[in-house]
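**Q** have a look; sequence and predicted model below, questions after that.
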Amino acid sequence: MAEVVAALDCGSNSTRLLVADRTHTLCREMRITRLSQGVDASGYLAPEALERTYATLGEYRSLMDDHGVERGLLVATSAVRDARNGEEFISRAREIVGVEARILSGDEEANFSYAGATADLARDERPVLVLDIGGGSSELAVVIDGVMRSFSMQLGCVRVSERALGSGIVTPEADARTRKMVSDELDRAWSAVPEFEALTGRVQLIGLAGTVATLAQMDAGIVVYDRDVVHHRLLSRSCVEHWRDVLAAQTSEERLRQPGMVAGREDVLTAGLYVLDAVMQRLGVNELLSSENDILDGIALSLLAG
């Protein structure tokens, strides 16, 4: 019987599960749990956020049992890296799911995301840069001359919303604060990884995670998620700008009525689009490819290869 493994990602905004063997995806689940709620201000994972996430992990363990999973890896990212009680969370999460659990560094997160996103990618002559916009951070990863270059930016959609943009109609003041926050962090990334500069105008940009997936759904106008429509959908920078500006002028309730909007992202998607647009501008690219293969797929590949 083929070995079945589980990859679990406790992100800042969502908690996700992938169950797979070497040839098939058996189960892929996502729940909005907002683990990063208030972490930026308090430095701690909030009790209610912990309970939401623990309940979801309990559901996932049941699904893992249904598929006969005995080996897996649970990873936690930005929210847990930043929290003073992050290790306590990991310990409890490990107990619930019964597999290895650990906090990833930004570089590890970028490596797993890159591996997952490029596994089924049709290559062209351009270098591939993977942008993973999370809730607390956003990872940039590219292989140049056989060496991985990556940087973890403190620009997740939840963090930017809580610190600069807000969750409702965007005011001129909030717009200016957000643009400065994003620009300053991009400056830091480009200073830390000078190789990024050489990619301007000559890179294939691959976008991962909830911000990009939700944008792809809205661009397609689909109400019910369809992986075949979202995965490898080509999105223009004008599409990014259009939806950023439309959503910025709306309340969270109005955004939720947009076809394709995912409940639980209506208050933070706009911030993610600010990040996405700024990265595209900095790289001098006018399109990106949405990928539904991401960090979970990278984790599963590493488990099955081991």
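**A** Structure received.
**Q** mind checking the SS state of Val151?
**A** Residue 151: Phe, not Val. Each residue gets one of three states, and Phe151 gets strand by DSSP: H, G, I helix; E, B strand; the rest coil.
**Q** identify the bridge partners of it.
**A** Going by DSSP bridges, Phe151 is paired in beta bridges with Leu140.
**Q** please name the nearest non-neighbouring residue to Thr53.
**A** Counting by C-beta to C-beta, 6 or more residues apart in numbering, Thr33 is the residue found nearest to Thr53 once chain neighbours are left out, at 4.6 Å. (Glycine included, C-beta is placed from N, CA and C.)
**Q** can you pull the pLDDT of that neighbour?
**A** Here the pLDDT value assigned to Thr33 is 93.
**Q** what about it, how many residues nearby?
**A** Burial of Thr33 is recorded as 26 neighbouring residues (other C-beta atoms under 10 Å).
**Q** so Leu18 sits in a strand?
**A** Yes: inclusion of Leu18 in a strand is indicated when three-state DSSP is applied.
**Q** ok, it - contacts?
**A** Ala6, Ala7, Leu8, Thr25, Cys27, Arg28, Leu296, Asp297, Ile299, Ala300 (C-beta atoms under 8 Å, 6 or more residues apart in numbering).
**Q** for those residues, give me JSON lines that also has distance to Leu269, pLDDT and neighbour count.
**A** As requested, the contacts of Leu18 are arranged in JSON lines below (distance: C-beta to C-beta, whole Å; pLDDT from 0 to 100; neighbours: other C-beta atoms under 10 Å):
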{"residue": "Ala6", "distance to Leu269": "28", "pLDDT": "96", "neighbour count": "28"}
{"residue": "Ala7", "distance to Leu269": "24", "pLDDT": "97", "neighbour count": "28"}
{"residue": "Leu8", "distance to Leu269": "24", "pLDDT": "96", "neighbour count": "27"}
{"residue": "Thr25", "distance to Leu269": "26", "pLDDT": "92", "neighbour count": "14"}
{"residue": "Cys27", "distance to Leu269": "26", "pLDDT": "93", "neighbour count": "17"}
{"residue": "Arg28", "distance to Leu269": "21", "pLDDT": "93", "neighbour count": "15"}
{"residue": "Leu296", "distance to Leu269": "21", "pLDDT": "94", "neighbour count": "26"}
{"residue": "Asp297", "distance to Leu269": "23", "pLDDT": "93", "neighbour count": "25"}
{"residue": "Ile299", "distance to Leu269": "25", "pLDDT": "94", "neighbour count": "26"}
{"residue": "Ala300", "distance to Leu269": "27", "pLDDT": "94", "neighbour count": "26"}
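**Q** which one of those is nearest to Ala220?
**A** Here the nearest of the contacts of Leu18 to Ala220, counting by C-beta to C-beta, is Arg28; it sits at 18.9 Å.
**Q** distance of the residue nearest to Thr53 from Cys10?
**A** Look at Thr33 and Cys10: by C-beta to C-beta, to the nearest Å, they are 8 Å apart.
**Q** which residues do those two both contact?
**A** Counting by C-beta under 8 Å, 6+ apart, the residues touching both Thr33 and Cys10 are Thr53.
**Q** quick one: the helices in the stretch 51-200 of the chain, in order.
**A** Along the stretch 51-200 of the chain, counting by DSSP state H, counting those that start in this stretch, helices occupy 78-82, 86-97, 106-118, 157-160, 172-192.
**Q** adjacent strands (with direction) for the helix or strand following the longest one?
**A** Under the assignment DSSP states H and E, the closest C-terminal helix or strand after helix 172-192 is strand 204-208. Strand pairing for strand 204-208, using DSSP bridges, gives strand 128-133 (parallel), strand 287-290 (parallel).
**Q** show me what contacts Gly38?
**A** Gly38 sits in contact with Tyr44, Ala46, Ala49, Glu162, where contact means C-beta under 8 Å, 6+ apart.
**Q** the last one contacts Asp40, correct?
**A** Going back to what we said before, that points to Glu162. Yes: in this structure Glu162 lies within contact range of Asp40 using C-beta atoms under 8 Å: 5.2 Å.
**Q** list the contacts of the closest residue to Ala198 other than its chain neighbours.
**A** In this structure, Ala198 finds its nearest non-sequential neighbour in Ile144, 7.8 Å apart by C-beta to C-beta, 6+ apart. Each residue near Ile144 by C-beta under 8 Å, 6+ apart is listed here: Pro127, Glu195, Ala198.
**Q** what's the answer for Gly86, then?
**A** Under the criterion of C-beta under 8 Å, 6+ apart, the neighbours of Gly86 are Leu45, Ala76, Val80, Ile103.
**Q** those residues in strands, which ones?
**A** Residues of these located in strands (DSSP state E): Ala76, Ile103.
**Q** perfect, that will be all.
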